[in-house]
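Visitor: got a sequence here, can you build the structure:
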Amino acid sequence: MSNTEANPQLVVHEGPEHCVGVESYPPKEVPLGGPDAMKVRRTLPNLKRSFVGAWCFIDHYGPEEGMCMDVPPHPHTGLQTVSWLFSGEIEHRDSGDVHAMVRPGEVNLMTSGYGIAHSEVSTKSRASLHGVQLWVVLPQEQADLTREFQHHAPDVWDDHPGVTARMLVGSLGAASSPIHTETPLMGAEVTIAPGTTWEAPVDAAMEHGVLVDTGMVDFDGVRLDNSALGVRDAGLDHLRLHNPTDKPARLMLLGGEPFDEGIVMWWNFIGRTHDDIVRYRQEWNEAPDDRFGRVKGYQGSTKWLAAPPIPDVTLKQRFRRGRAT
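Guide: Sure thing, here's the model as predicted:
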């Protein structure tokens, strides 16, 4: 998914280098395009945190009825996109000549690396569009990887009474995913039955995030309402999730080893310097085929999505809990 904000806001990151327990972050509502476009709930990045592991971007959307997503060809650099639907269907096309459908319970991971372009259009075959779009930052040594697309339909994991899960990436207990990433990550959709408490063993080297999709969840005793993101730093080898309601709760559980590199993330680009972003923007707007390639078969009225103007300031690097001064 593209960040289609016409005037992407600069995010100044401030805060402590380490937190104790779970921090909760409310979502910010962002329109995907014009005033009538579908709105998403964005929880990462935010004013206090840039990453959960190498997860660097979380959009949560829907349920929306009807034909509500039509994102023209747009670029990415230095990242991987992870698409996951709860309901609905999206047609994906990219400049690596991949044409695929994004469907519920099937993970699609696209690697931009050096540069890729893709389009996303919801289909009319399902009424309700509901899902998450996640980005993973690539380490500097792998930032220019070749374009790639991975697909996996995970089985349901149900080793704990009242808990079911599907692994997008990484592993959790006996469940694992064949999707490969460039940094140690885990990601799962988890559903918890009413009144159920789940004590889950996790990798103590990873920090973990919980995004609540439906219902309400207590994450290590911290209440998270619908669409809120709770994050806990690395250091503990277990976490506790409890559903305090009389209805099932569904969430995304994300984890990763702390990502300590500094990046510049603006619009749909990730680089390491202000000049990187200036160059990517210029190449996309002036000669998109050279770096990013061409998306074949997109039928929308707009051939491609132009990059907006860069603010008249020097874009600074952002880190896990701060920015360059």
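Visitor: which positions within the longest helix seen in the chain qualify as buried?
Guide: Criterion DSSP state H: the longest helix present in the chain is helix 274-286. Under the neighbour-count criterion of 16 or more other Cβ atoms under 10 Å, helix 274-286 has 274, 276, 277, 280, 281, 283, 284 buried. To be clear about C-beta, it is placed using only N, CA and C from the backbone, and glycine gets the same treatment.
Visitor: other residues contacting that helix?
Guide: If you take Cβ atoms under 8 Å, 6 or more residues apart in numbering as the criterion, helix 274-286 is touched by 75, 77, 115, 264, 266-267, 269, 271, 290-292, 306-307, 310, 314-316.
Visitor: re the thing from before, pick the one among the buried residues of helix 274-286 closest to residue 37.
Guide: residue 284 (20.7 Å; Cβ to Cβ).
Visitor: rewinding a little: closest to residue 42 among the buried residues of helix 274-286?
Guide: Out of the buried residues of helix 274-286, the member with the shortest distance to residue 42 (by Cβ to Cβ) is residue 277, at 19.4 Å.
Visitor: need the per-residue pLDDT for the closest one.
Guide: pLDDT, residue 277: 98.
Visitor: again with residue 52
Guide: 98.
Visitor: what of residue 31?
Guide: 85.
Visitor: try the one 10 residues further on
Guide: At residue 41, the predicted lDDT confidence score is 97.
Visitor: swap in residue 11?
Guide: Residue 11 is given a pLDDT of 42.
Visitor: again, but for residue 3
Guide: Residue 3 is given a pLDDT of 63.
Visitor: what about the helices in this protein?
Guide: So, for the chain - with DSSP H - the helices run 274-286, 288-291.
Visitor: on contacts alone, who are the packing partners of the shortest one?
Guide: In terms of contacts (3 or more Cβ pairs under 8 Å, 6 or more residues apart in numbering; DSSP states H and E), helix 288-291 is packed against helix 274-286.
Visitor: gap between the helix it packs on and the chain center?
Guide: 23 Å (Cα atoms, centre = their mean, to the nearest Å).
Visitor: excluding chain neighbours, give the residue nearest to residue 208 in space.
Guide: residue 255 (4.4 Å; Cβ to Cβ, 6 or more residues apart in numbering).
Visitor: tabulate the buried residues of helix 274-286 (TSV), appending distance to residue 244.
Guide: Output for the buried residues of helix 274-286, formatted as TSV (distance: Cβ to Cβ, whole Å):
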residue	distance to residue 244
274	46
276	46
277	44
280	45
281	46
283	50
284	47
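Visitor: for the residue nearest the centre of the chain, name its beta-bridge partners.
Guide: Nearest to the centroid of the C-alpha atoms of the chain, with distances taken as Cα atoms, centre = their mean, sits residue 134, at 1.1 Å. In this entry, residue 134 is beta-bridged to residue 58, residue 82, by DSSP bridges.
Visitor: could you report the pLDDT at it?
Guide: 98.
Visitor: can you tell me which residues contact it?
Guide: 55, 57, 58, 59, 81, 82, 83, 84, 187, 254.
Visitor: for residue 217, state which of these is nearest.
Guide: residue 254 (13.6 Å).
Visitor: how much space between the closest residue to that closest one other than its chain neighbours and residue 51?
Guide: Leaving aside its sequence neighbours, residue 254 sits nearest to residue 209 (Cβ to Cβ, 6+ apart; 4.4 Å). Remark: distance between residue 209 and residue 51 (Cβ to Cβ, to the nearest Å) = 9 Å.
Visitor: residues shared between the contacts of those two?
Guide: In contact with both residue 209 and residue 51: residue 44, using Cβ under 8 Å, 6+ apart.
Visitor: of the two, who's got more company?
Guide: More crowded of residue 209 and residue 51, by other Cβ atoms under 10 Å: residue 209, with 28 against 25.
Visitor: which residues touch that one?
Guide: 44, 52, 55, 58, 229, 230, 231, 232, 252, 253, 254, 255.
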